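>>> please work out how this folds:
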Amino acid sequence: MEDFSEFVGLSRPTVSKYFNDPSSVRKKTRDAIEEAVRKSGFKPNLFAVNLNRRRSNIIGIIIPNALDPFYMALTRRIEMIAAEAGFLAFVLSSDGRPEIEDNAVSTLRSMNVAGAIIAPIGTTSRNSPLRVLARDIPLVYVDAPPDEEASFVGSDNRQSFGLIVDYLCRSGEPPCFFGMPEVNRNAAQRRKVYVEAMETANLKPSVLEISTDTTWEFERFAFEEASRLFENLDRLPTRTIVCANDRLAFGVIAAAWQKGLKVGHGAAYDLRVAGHDDHPLSQYACPPITTVAQNYNEVGRLAIGLLLKKLGEADGGDDPNLRQDQILLKSNLMLRSSA
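Numbers count the residues shown, from 1 in each chain. This next block holds a predicted model:
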């Protein structure tokens, strides 16, 4: 910046002012700087600029899996809205591992981010890097909250499981529950709301006994556990299975296919399998998965909207959701061939 200021013949504060907001300098000055940029090819170092600011225009995002289409769609929505508001979204993946999540938090801190949107793994202790970061900048959580008080945007699990359990009970055998590994608060909460939904219907809940392994490889985990369960179908409490998420349903359906079991709705089929979330690929499974839709576009829109409100960059407008610090979205039933 010093060299470019000397090249253009202006003071560094004036040049910095232009790069922060071109409209803030006079047209004659702006024209001179833009001509010098064309001649020199100069580009300011965005990260260096943000390190010098009291508050940067970078928003951090941490997700557990950069290859999961759900998180890809979610971050894309956040990036688009952040850009419209003049912010750069910087995405990091924790790969489902606590030590990598801690490193990602350190990276965001070193970048002087203005705020962050986090899909956390597990719960966060009082002195965890995430809790420490939250003392300095606004954080909004998605997918699963780390605790009851955190700012959060996600699905209303009680409503969504009530919806899928009610449908499965009305259309056939009541479902047993195939849970997810204990990688975040969703695991225990979805198991709990399944039990509540069954008890509300005056039915006995049936939670399948599965491994206690902690892994984010949900498809592999479900395939291996379902393959073991399908060795003796008579031991299943019911031939209808509702999975804690669609990625588990992928694995259960694959295990059924390998065992020669037909998944679908009706007397000609051996099993019914349903999921949760409406994963972007669930409609292309074989058979397509009956599930409840988690609106990831709306989760992304409200998460960045809530963060921008906390940063003082937006007031929430007429959206009643943005008047809350915890936003639980309703889900819709998606009826497909698997159940």
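
>>> can you show me the helices along this structure?
Secondary structure of the chain (DSSP state H): helices located at 2-8, 12-20, 27-40, 46-52, 69-84, 98-110, 129-134, 157-171, 185-200, 218-229, 246-258, 296-310.

>>> and those helices, which one is worst for confidence?
Note on the helices of the chain: lowest mean pLDDT is at helix 46-52, with a mean of 58.

>>> for N186, see how far away the residue most central in space within the chain is.
The centroid of the chain falls nearest to D143 when counting by C-alpha atoms, centre = their mean (4.5 Å). Applying C-beta to C-beta, to the nearest Å, the value for D143 to N186 is 7 Å. In this view, the C-beta of every residue, glycine as well, is placed from N, C-alpha and C.

>>> just give the nearest non-adjacent residue to M72, would you?
Spatially, and ignoring its direct neighbours in sequence, M72 is nearest to A66 (7.3 Å; C-beta to C-beta, 6 or more residues apart in numbering).

>>> the one you found: how many residues sit nearby?
Neighbour count of A66, defined by other C-beta atoms under 10 Å: 13.

>>> what residues are up against it?
A66 is in contact with 72, 91, 93, counting by C-beta atoms under 8 Å, 6 or more residues apart in numbering.

>>> got it, and Y141?
117-120, 150-154.

>>> and what of K259?
Contacts of K259 (C-beta under 8 Å, 6+ apart): 227, 230.

>>> go again with 7 Å.
F230 (C-beta atoms under 7 Å, 6 or more residues apart in numbering).

>>> and for the one 4 residues further on?
Residues near V263 by C-beta under 7 Å, 6+ apart: 253, 256, 269, 271, 273, 287, 338.

>>> please apply the same query to E225.
So E225 contacts 210-211 (C-beta under 7 Å, 6+ apart).

>>> how does it look with 10 Å?
178-179, 181, 208-211, 213, 248, 251-252, 255 (C-beta atoms under 10 Å, 6 or more residues apart in numbering).

>>> picking up where we left off before, wait, which of the contacts of A66 is closest to G305?
Within these, proximity to G305 (C-beta to C-beta) peaks at V91, which comes in at 18.0 Å.

>>> what pLDDT does that closest one get?
95.

>>> quick one: contacts for the residue nearest to the centre of the chain?
Per C-beta under 10 Å, 6+ apart, neighbours of D143: 63-64, 70-71, 74, 118-121, 152-155, 184-186, 277, 294, 296, 299, 303.

>>> now intersect the contacts of V263 with the strands, please.
V273 (DSSP state E).

>>> which one (most neighbours) among the contacts of V263?
If you rank the contacts of V263 by neighbour count (other C-beta under 10 Å), V273 sits at the top with 30 neighbours.

>>> in the sheet, who's paired with that one?
I241 (DSSP bridges).

>>> what pLDDT does the model give the residue nearest to M72?
For A66, the predicted pLDDT is 86.

>>> could you check how far it is from D147?
For A66, the distance to D147 - C-beta to C-beta - is 25 Å.

>>> likewise P138?
According to C-beta to C-beta, P138 and D147 sit 16 Å apart.

>>> between these two, which is the more surrounded one?
P138 (19 against 13).
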